[in-house]
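Novice: Sequence plus predicted model, see below.
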Amino acid sequence: MPDKHCDTLIIGAGAAGLMAGIQAARRGRRVLILEKMDRPGRKLLITGKGRCNVTNCCTVEEFMGNVLTNRRFLYSCLNALNPYEVMGFFEECGIPLKVERGERVFPVSDHASDIVDALVQQAKDSGCRITQACAHSLLLEADEEGRSRVCGVVTEDGQEIRSDAIIVATGGKSYPMTGSTGDGYRLARQAGHRVTPLRPSLIPIVCEEKLCRDMMGLSLKNVTLTVVDTASGKEVFSELGEMLFTHFGVSGPLVLSASCHMQPDKDGSLSRYRLYIDWKPALSEQQLDARILRDFEQFINKDFINSLGLLLPKKSIQIIAGLSGIPFETKINQITKAQRTALIQVMKAMPLTPKAFRPIEEAIVTAGGVDVAQVNPKTMESKLVDGLYFAGEVLDVDGYTGGFNLQIAFSTGFAAGTYC
């Protein structure tokens, strides 16, 4: 069991908690980090498909355009620790980085474990103690004026640990097997904080169509995904990128970003939306028609179903051919202009019907959380309880996929560690 007293107690050894610990310990604080899992950084290990998208190589102004919720709250902490400084931090730790498409930053090794190991080593080198324990509740006391102050925690096994400052960096509710089971929301509510409704963000989408299962495992690059709200007729999202067909529907970077712009009905349904995939966004309909005609010339005596191999991935050919309405056995020299137009329309806007998001436990990020109106944006300290701080995903702040959420964790953790 850890010592019964410290200057700063941090609950959660993820990205935010470890960065907070490093900063606080460098200021001379005696830091104890509680982590309920058997090792720190469990969620970090699976981010970016195990490669860890550390941050996004962009200015603070560009970064703000990729924050979905409460972006103004982040100005101060992002200016205190910006993406370039996070990159510098890891390179000083001996972890070379690289910048990929979309300015996403990864370790050159493509191993998330390198990032976790660097954070843990820096925390230990700075003087942090990390121990396996779970905080059950906060210890609160009132001063002479009746203002509440935190003075420690009670662990799940009944031990009391006293501390002058506590940083809650427990993560959200997504990927509970990594330790993110919503503990921080319970602690926040105990301290009198509002917790805004939790919902999945950056989450795969379940679709009605069986064709998704038929194309399961097919990864598309350089396609455009568009989302239309049929209730208003408005296009709510449209971007070029990568996506993936799965046994339940669609996933991948484009889908995760699109999910942020879709609000389920009260029953969780997404049925008012339609998804459209443009398989050839670099070509206009006229250009695509010319390309199809060139391909047809090479297969002039073949059946239609055998003419699309140069144009489409093998797994998609039967699906798109079927959606075009052209009989598979139609000879190429018999295909009419109207039939070509039907094929082009499918390829430029293949429709999918979303049913629902996957469970919140599968979300990359939990949207919602501790209401930032009750948190000081410069220090991350509670406005209700002295000595209580929040950092990372537990806060009601989130961004797009691309390293933005990890940067938020690092910057809010750094701020909390600076002022605790």
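Specialist: Sure thing, it's come through.

Novice: tell me the contacts of the closest residue to residue 383 other than its chain neighbours?
Specialist: Nearest residue to residue 383, sequence neighbours excluded (Cβ to Cβ, 6 or more residues apart in numbering): residue 374, at 5.1 Å. For every residue, glycine as well, the C-beta is placed using N, CA and C. Counting by Cβ atoms under 8 Å, 6 or more residues apart in numbering, residue 374 touches 193, 194, 382, 383, 384.

Novice: Just the buried ones among those, please.
Specialist: 193, 382 (16 or more other Cβ atoms under 10 Å).

Novice: Next, count neighbours for residue 367.
Specialist: Residue 367 has 24 neighbours, counted by other Cβ atoms under 10 Å.

Novice: pretty sure it is in contact with residue 400, am I right?
Specialist: No - here residue 367 does not reach residue 400: they are 11.7 Å apart, not a contact under Cβ atoms under 8 Å.

Novice: that older thread, which one of the contacts of residue 374 is nearest residue 215?
Specialist: Nearest to residue 215 out of those is residue 194 (Cβ to Cβ; 43.3 Å).

Novice: coming back round to it: distance of the residue nearest to residue 383 from residue 395?
Specialist: Plainly put, residue 374 is 10 Å away from residue 395 if you go by Cβ to Cβ, to the nearest Å.

Novice: For the stretch 201-350 of the chain, just list every one of the helices.
Specialist: 211-214, 253-259, 285-298, 314-324, 337-348 (DSSP state H, counting those that start in this stretch).

Novice: so how far is the fourth one from its chain's centroid?
Specialist: Going by Cα atoms, centre = their mean, to the nearest Å, the spacing between the C-alpha centre of helix 314-324 and its chain's C-alpha centre is 31 Å.

Novice: and if you look at the longest one?
Specialist: Distance of helix 285-298 from its chain centroid, counting by Cα atoms, centre = their mean, is 39 Å.

Novice: rewinding a little: among the helices of the stretch 201-350 of the chain, which is nearest residue 11?
Specialist: That would be, of the helices of the stretch 201-350 of the chain and by Cβ to Cβ, helix 253-259, which comes in at 27.6 Å.

Novice: what's next to that closest one, contact-wise?
Specialist: By Cβ under 8 Å, 6+ apart, the list of residues contacting helix 253-259 from outside reads 200-205, 223, 225, 227, 237, 239, 241-244, 275, 357, 364, 400-402.

Novice: Pull up the overlap in contacts between residue 367 and residue 400.
Specialist: The contact lists of residue 367 and residue 400 share 68, 260, where a contact means Cβ under 8 Å, 6+ apart.

Novice: Show me what counts as buried in stretch 236-250.
Specialist: Using 16+ other Cβ under 10 Å as the test for burial, stretch 236-250 gives 237, 238, 239, 241, 242, 243, 244, 245, 246, 248, 249, 250.

Novice: quick one: average confidence on that stretch?
Specialist: Summarised as a single mean, pLDDT over stretch 236-250 is 96.

Novice: Then stretch 103-122?
Specialist: For stretch 103-122, mean pLDDT rounds to 97.

Novice: Flag every buried residue along it.
Specialist: Going by 16+ other Cβ under 10 Å, stretch 103-122 has these buried residues: 103-107, 111-112, 114-116, 118-120, 122.

Novice: For that stretch, C-alpha coordinates in CSV please.
Specialist: Extracted C-alpha coordinates of stretch 103-122, given in CSV (Å, rounded to 0.1, in the frame of the first residue of the first chain):
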residue,chain,number,x,y,z
GLU,A,103,-0.3,16.0,-40.0
ARG,A,104,-0.8,13.0,-37.7
VAL,A,105,2.3,12.4,-35.5
PHE,A,106,3.5,8.9,-34.7
PRO,A,107,6.7,7.4,-33.2
VAL,A,108,9.0,6.3,-36.0
SER,A,109,9.0,2.8,-34.5
ASP,A,110,5.2,2.6,-34.9
HIS,A,111,5.1,1.2,-31.4
ALA,A,112,2.7,2.9,-28.9
SER,A,113,4.7,1.1,-26.1
ASP,A,114,7.6,3.5,-26.8
ILE,A,115,5.4,6.5,-25.9
VAL,A,116,4.0,4.8,-22.8
ASP,A,117,7.5,3.7,-21.7
ALA,A,118,8.8,7.3,-22.2
LEU,A,119,6.1,8.8,-20.1
VAL,A,120,6.4,6.3,-17.3
GLN,A,121,10.2,6.6,-17.2
GLN,A,122,10.0,10.4,-17.2
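
Novice: Report the distance from that stretch to the chain centre.
Specialist: 17 Å.

Novice: For the stretch 151-300 of the chain, which residues score under the pLDDT cut-off?
Specialist: 175 (pLDDT under 70).

Novice: show me where it has strands.
Specialist: 160-168, 199-201, 205-207, 219-229, 234-245, 249-251, 273-278 (DSSP state E, counting those that start in this stretch).
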